[in-house]
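Trainee: Got a predicted structure plus its sequence, pasted below:
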Amino acid sequence: MNEVKFLTVAEVASVMRVSKMTVYRLVHGGHLPAIRVGRSFRVPEQAVHEYLLESFDGAQTRSW
């Protein structure tokens, strides 16, 4: 069985090199899936990698 690794908002911000507020906006906007644990959020690590890959692919296909 595959184990899902969850990251805190601070860990996601570190991986993405953005502020925690940016991560909260992505979560609340539905761009990053997250579960609520008490008063904090946990984001599946795979979802972060998928989001970054999709964002990178989108940037590469734009015609300027």
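Mentor: Looks like it arrived, so ask away.

Trainee: list the contacts for the most centrally placed residue in the chain?
Mentor: When CA atoms, centre = their mean is applied to the chain, the residue found nearest the centroid is Val48 (3.7 Å). Applying CB atoms under 8 Å, 6 or more residues apart in numbering to Val48 gives the contacts 7, 12, 15-16, 32. Where you see a C-beta, it was placed from the backbone N, CA and C, and this is true even at glycine.

Trainee: next one: Pro44
Mentor: Listed by CB under 8 Å, 6+ apart, the contact set of Pro44 reads 4-7, 33.

Trainee: Can you list the buried residues in the one helix or strand Phe56 maps to?
Mentor: Under the criterion of DSSP states H and E, Phe56 resides in helix 45-61. Buried residues in helix 45-61, defined by neighbour count with 16 or more other CB atoms under 10 Å: 47-48, 51.
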